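J.: predicted model follows, preceded by the sequence.
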Amino acid sequence: MAKGITPRSEDYSRWYLDVIDAADLAEHSAVRGCMVIKPNGYALWEQIQAQLDRMFKETGHQNAYFPLFIPESFMRKEAEHVEGFAPECAVVTHGGGKELEEKLYVRPTSETIIWSTYKKWIQSYRDLPILINQWANVVRWEMRTRLFLRTLEFLWQEGHTAHATKEEAIEETLRMIEVYRRFAEDYLAAPVFVGVKTPAERFAGALDTYCIEAMMQDKKALQAGTSHFLGQNFAKAFDVMFQNEAGQLEYVWATSWGVSTRLIGALIMTHSDDNGLVIPPRLAPLKVVIVPIWKDDSQRESMCAAARRLTESWHGRITFKIDERDQYRPGYKFNEWEKRGVPIRIELGPKDLEADQVVLVRRDTGEKITVPQDGLLPRIETLLEEIQASLFQRAKAFRDANTFDEDDFESFKRRIEEPGGFFWVHWCGNPACEAQFQETSKATIRCVPIDGSKRESGKCIVCGAPSQQRVLVAKSY
RNA sequence: CGGGGCGUAGCGCAGUCCGGUUAGCGCGCUUGGUUCGGGACCAAGAAGUCGGAGGUUCAAAUCCUCUCGCCCCGACCA
């Protein structure tokens, strides 16, 4: 595993200082565990946002915004929900210099405030479905934080939809987990397993929680996105009913789904190497950096001019930067842009100018390719896609090489420690057996696959009872 | 909250055991020069409440007491 990608904040801030630096805030304990997202890091988040937003719009969703504060009485309406979230909530007790009559919870998630609003919006089947997404920050007072993976405050999107039928809500839940799968694989270049959580791991208040699980370079699992089928739980809690075509009153069916800044952590821990970040080209805010090389001032002028001429037609078609800084030598610049993960570097020196060529350098492999200046932009666009595909293939090969079937519990306990990885094991469905995994191995059931894979007969690895389905087990973040 | 560790320049650290010149090193920063196809070099320079308070002493970064803060491991989790 690459040294710099251990999930420790000081490693991140040291290695990827320009992406995100939480240390700036850590001097005060009250804000420990929060993030400072510097411009380069925020640019990456904006790329993630933009792509997800496109995918949400394509599936018929609209953006909206709801309050940060949730009255305590709202939180209390859904029993499982409040039980799950109350212990990790920040609560406001004072406002305007006075003690509040009712406490306000800083949202850990917005189901309750949104469903209290949906009640006023929904009367008829004609008002359905409601397909809304919110980009927001939420607060969860975790005891232990890890930069990107588990911060006290994080940025995310949360979709909240309301439907007339159970079937439609389930369809929506599955549609959105599929959107997340596509985003993870096609944009983050991170292969994922799609599955459903066991009851023990379900979202508080959900009937089913679907998830995508990715493998990091240390072979631990990271839950990268979730989509919940909420049934009628929130509709009942907030008394949200509609009149169907036959004129009868029914409770509304609900879903919610979300991904967070944790995706940046997933990106780093999937692709980065000892030279720093590797950003998949489709998400890279800066796709190409050009480093002109010169020996003296007059040559500097001519090389930079040549770089500008070469890229004249690129504006608006690709994001690029010409590194004209005089205080650093080329080697320093090469290293710096590698650390920042820019997918392609172009070296342009006097020799290249003479030969009408440039040198392209791939961030993922370090390979240097000399190409003619003619037709450069299409060549780069092709190479970006090649890098994107190759990052995915590399990550997938790594995951597959570290994913095993396992049928013996003793052997499982050994192998989960060394060499580690993902294990497909038979499980009878009994929560007691699930608890055994956790206690004896510190591994958890990540999910039960929903695509029909690993559906085979066997015996529960813990108790030996018959099982028709293998489940994914791994240590996780 | 339990168990470890650490606070000395912007960052990373040495010095503390065994008190004693003007508190040091690397990186970074400033200025000048030479360099420039893989993290340049030389010279000069700026930058410190040694986490804080109290105590012991002729003398404290160093010893004692108290205190504040941070990091790591565990219980919680997107």
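T.: Yes, it's here. Residues are numbered from 1 along each chain as shown, chains lettered A, B, ... in the order given.

J.: show the average pLDDT along stretch A:37-57.
T.: Stretch A:37-57 shows an average pLDDT of 93 in the prediction.

J.: which residues are in contact with it?
T.: The contact list for stretch A:37-57 (CB atoms under 8 Å, 6 or more residues apart in numbering) reads A:16, A:18-21, A:63, A:133, A:135, A:155, A:157, A:159, A:179, A:182-183, A:187, A:259, A:261, A:263-264, A:267, A:279, A:282-286, A:340. Quick note: C-beta positions are derived from backbone N, CA and C, even for glycine.

J.: in stretch A:313-321, what counts as buried?
T.: Buried residues in stretch A:313-321, counting neighbours by 16 or more other CB atoms under 10 Å, are found at A:314, A:319, A:320.

J.: just put those in TSV and tack on pLDDT, distance to RNA strand B and secondary structure.
T.: Output for the buried residues of stretch A:313-321, formatted as TSV (pLDDT from 0 to 100; distance: CB to the nearest atom of the strand, whole Å; DSSP: H, G, I helix; E, B strand; the rest coil):
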residue	pLDDT	distance to RNA strand B	secondary structure
A:314	98	19	helix
A:319	98	21	coil
A:320	98	17	strand
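
J.: and which of those residues is nearest to residue A:468?
T.: residue A:319 (49.9 Å; CB to CB).

J.: which ones are touching the closest one?
T.: A:284, A:285, A:286, A:287, A:288.

J.: look up the closest residue to the first one, ignoring the ones flanking it.
T.: Same thing as residue A:284. residue A:343 (5.2 Å; CB to CB, 6 or more residues apart in numbering).

J.: repeat for the last one
T.: Closest residue in space to residue A:288, ignoring its immediate chain neighbours: residue A:320 at 4.1 Å, by CB to CB, 6+ apart.

J.: how long is stretch A:348-365 end to end?
T.: 19 Å (CA to CA, to the nearest Å).

J.: what segments of the stretch 251-400 of chain A are helices?
T.: A:262-271, A:297-310, A:330-339, A:350-354, A:376-401 (DSSP state H, counting those that start in this stretch).

J.: which one, of those helices, ends up nearest to residue A:214?
T.: helix A:262-271 (5.7 Å).

J.: contacts for the closest one?
T.: By CB under 8 Å, 6+ apart, the residues outside helix A:262-271 that reach it are A:5, A:7, A:12, A:16, A:19-20, A:41, A:44-45, A:48, A:146-150, A:154, A:184, A:188-190, A:214, A:216-218, A:222, A:224-225, A:277-280, A:283, A:364, A:391, A:395.

J.: can you check stretch A:99-116 too?
T.: Contacts of stretch A:99-116 (CB under 8 Å, 6+ apart): A:66-75, A:77-78, A:81, A:85, A:88-95, A:132, A:134, A:136, A:138-140, A:158, A:160, A:205, A:230, A:234-235, A:237-238, A:240, A:254, A:256, A:258.

J.: point out the residues in the stretch 351-477 of chain A that sit beside RNA strand B.
T.: A:351, A:352, A:353, A:359, A:361, A:366, A:368, A:442, A:477 (CB under 7 Å from any atom of the strand).

J.: what about 10 Å?
T.: Taking CB under 10 Å from any atom of the strand as the contact definition, the stretch 351-477 of chain A meets RNA strand B at A:351-355, A:357-363, A:366-368, A:370, A:438-439, A:442, A:444, A:475-477.

J.: where in chain A is pLDDT low?
T.: A:1-32 (pLDDT under 70).

J.: farthest from the middle of it: give me that residue.
T.: Within chain A, residue A:298 marks the point farthest from the mean C-alpha position, 47.2 Å out by CA atoms, centre = their mean.

J.: please enumerate the strands of the stretch 201-350 of chain A.
T.: Applying DSSP state E, counting those that start in this stretch to the stretch 201-350 of chain A gives strands spanning A:208-215, A:221-231, A:241-243, A:249-251, A:253-260, A:288-292, A:320-322, A:344-348.

J.: is any residue of the second one near RNA strand B?
T.: Just to be clear, that refers to strand A:221-231. Yes. Using CB under 10 Å from any atom of the strand, strand A:221-231 reaches RNA strand B at A:221, A:222, A:223, A:224, A:225, A:226, A:228.
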